[in-house]
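Sharing a model that was predicted from the sequence below.
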Amino acid sequence: MTELFRAIYVFAALSYALTVPRHPAYAQSTAHLLFWDVSDVTDVAGPIRFGAEKLQPLILGGWPGGHFGTAVKRDADRVWVYGWSIRNREDRDCRMLEIRRTSTGDGTNFTEGEVVLAIDQPGAQGFVNIVHRPTDNRLFAFSWEAGAMRVWRGEADGTNWADLGVAYRGHDAMNIIWHPGLNKFLNFQTYLEPWPEKNPDDNLANLRRVLQFKTSDDGIHWEDISPDFLGGEPFWEPDAGDDPATEFYRVAAFPHLGRYAMLLLVYKADPDRVGQHSQERLRTEWAISRDGLNWTRPFRGTNAEEHLGWTPVQGPLPIDDTFKMYHHADAAEISHDRIFFVTSDNQAQFATQPFAMPAGGLFLNANVAISAHSRVEAELLDSNGNVIAGYERDQCVIAGQNVHAIPLSWNGNESGAFAGSPTRVRFHLRDAKIFGVSYKSSLKENLKQQ
């Protein structure tokens, strides 16, 4: 299997892993240890905090423009990337939806661009998702037209498209993914909630944009659901930690390392543009989930799109150890294994959750070169939380490195000597970012084992 398709296969396989029930004690037994929030760590001392990186601009070659939808295998070395655009956008009555595909082997350079479906769609609102359903290897295109979501179904090779009709009516912003755990489409649908106290008003007077969760077996018949974190409420709304004028405009969610990540576009009406849509009061934050249904927002202070000025409509293309995202003529990327991290500006410490030690030893993904003071020390703990002799913190000191896979070794002693034993690692850090711990020396090797 080529590295390209191994990355895409693993991206799906890690999502599928969510369908396998795990006992909490073995939740990290694969020894890919992530540090996304407080539930990933124990025995904290000192001022640690959790953070998220920002998307970085990417220069493309041959990208035909438009929005990315999904990717399916073309041959041993390349994928077909499906995307979409709206033609004649300036003339609402003559708008046309075009679904295109193009071929790539690296997510940066593209060839063989072609239109596989062109549809006259007067009133198209310019919001489309393209989703691959792996159970029957088919593509689904969901497109909003004049307040209704219309659905097309085609083959993975871009042929035999069928108009399945209108699914439902509502707001045009949505994000649809295939959720392996549910074995259904999952839709993060923007909903317009009555909001008489809205101040200031924009183009949607007395209405607030919030999020609604929907699922479907076939893409046409949808059921509203209320995940546990909503406490029985029908909508995901801004909370007390938000500015009172906050709305949830739309999202782009995707599976990531056995969990889920989301780009949440947060919106506020502009008091200087009363009665008009605000273009300037937008920012994008990361949200995270263990199961794709129940979400938290621990990174509200980080604008993920700060270097871009745009947010993708759908999730990324996983390729070459990166996530790549596309928007009109622009693109962005972020390292696959370097989105979320734990850090401390001062001296602090934490321990991992218990895990079964792998035979191949441990590798640290960390930036320990932020400043002259950057430093990480690691010590190995037994099942009772005691430091194992010969594996003390002064035997494993890391400084001046910014590496995805730093071997954890204690003055020549490897952790693999305790293979199969329940253990933890305690990290002492200062002015460093720790993204995770894996049991192979590269992300690809680690992913192949999962």
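Happy to help now that I have it. Numbering: from 1, shown residues only.

Spatially central, which residue of this protein would that be?
Of all residues in the chain, the one closest to the mean position by Cα atoms, centre = their mean is Ala261, 3.2 Å from it.

element containing it?
Using DSSP states H and E, Ala261 maps to strand 259-268.

now the stretch 1-150 of the chain, which segments are flagged as low pLDDT?
1-31 (pLDDT under 70).

in it, which spans are strands?
33-34, 41-45, 49-52, 56-57, 67-73, 79-87, 96-104, 110-120, 124-133, 138-145, 148-155 (DSSP state E, counting those that start in this stretch).

Relative to Asn294, which of those strands is closest?
With Cβ to Cβ as the measure, strand 33-34 is the member of the strands of the stretch 1-150 of the chain nearest Asn294 (16.4 Å). The way it works is simple: take the backbone N, C-alpha and C, and place the C-beta from them, glycine included.

pLDDT score assigned to the residue lying farthest from the centre of the chain?
Distance to the chain centre peaks in the chain at Ala389, reaching 39.9 Å (criterion: Cα atoms, centre = their mean). At Ala389, the pLDDT value in this model is 96.

how close does the residue lying closest to Gly420 once chain neighbours are set aside sit to Ser415?
Nearest-residue entry for Gly420: Ala356, 5.9 Å, with adjacent residues in sequence omitted and distances by Cβ to Cβ, 6 or more residues apart in numbering. Separation of Ala356 from Ser415 (Cβ to Cβ, to the nearest Å): 12 Å.

Which residue is the nearest non-sequential neighbour of Ala331?
Counting by Cβ to Cβ, 6+ apart, Leu58 is the residue found nearest to Ala331 once chain neighbours are left out, at 4.1 Å.

rewinding a little: in which helix or strand does the residue farthest from the centre of the chain reside?
Going by DSSP H and E, Ala389 is not in any helix or strand.

any idea which element Val425 lies in?
strand 422-430.

Show me what that strand packs onto, helices and strands only.
strand 340-344, strand 348-352, strand 355-356, strand 375-381 (3 or more Cβ pairs under 8 Å, 6 or more residues apart in numbering; DSSP states H and E).

May I have the strands that pair with the helix or strand that the third one is followed by, each with its orientation?
The first helix or strand that comes after strand 355-356 along the chain, using DSSP H and E, is strand 363-368. Strands that pair with strand 363-368, judged by DSSP bridges, come out as strand 401-407 (antiparallel), strand 432-438 (antiparallel).

who wins for proximity to His277 among these?
With Cβ to Cβ as the criterion, His277 lies closest to strand 432-438 of the strands paired with strand 363-368, at 37.1 Å.

if we can go back for a sec, for the residue nearest to Ala331, what are phi and psi?
Phi and psi for Leu58, reported as degrees, to the nearest 10, are phi -130, psi 130.

Use 33 as the first number from now on
Okay, residue one is now 33; in that scheme the one you just asked about reads as Leu90.

Show the model's pLDDT score for the residue nearest to Gly452.
Here the pLDDT value assigned to Ala388 is 91.

number of nearby residues for it?
16 (other Cβ atoms under 10 Å).

returning to what we had before: of the strands of the stretch 33-182 of the chain, which is nearest Ala464?
With Cβ to Cβ as the measure, strand 81-84 is the member of the strands of the stretch 33-182 of the chain nearest Ala464 (11.7 Å).

ok now the closest one, how far from the chain's centre?
Mean-position distance between strand 81-84 and its chain equals 15 Å (Cα atoms, centre = their mean, to the nearest Å).

Export only the CA atoms of it, formatted as CSV.
Only the C-alpha atoms of strand 81-84 are listed here, as CSV (Å, rounded to 0.1, in the frame of the first residue of the first chain):
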residue,chain,number,x,y,z
ARG,A,81,-2.7,24.7,29.6
PHE,A,82,-4.1,23.2,26.4
GLY,A,83,-3.7,24.8,23.1
ALA,A,84,-4.3,24.5,19.3
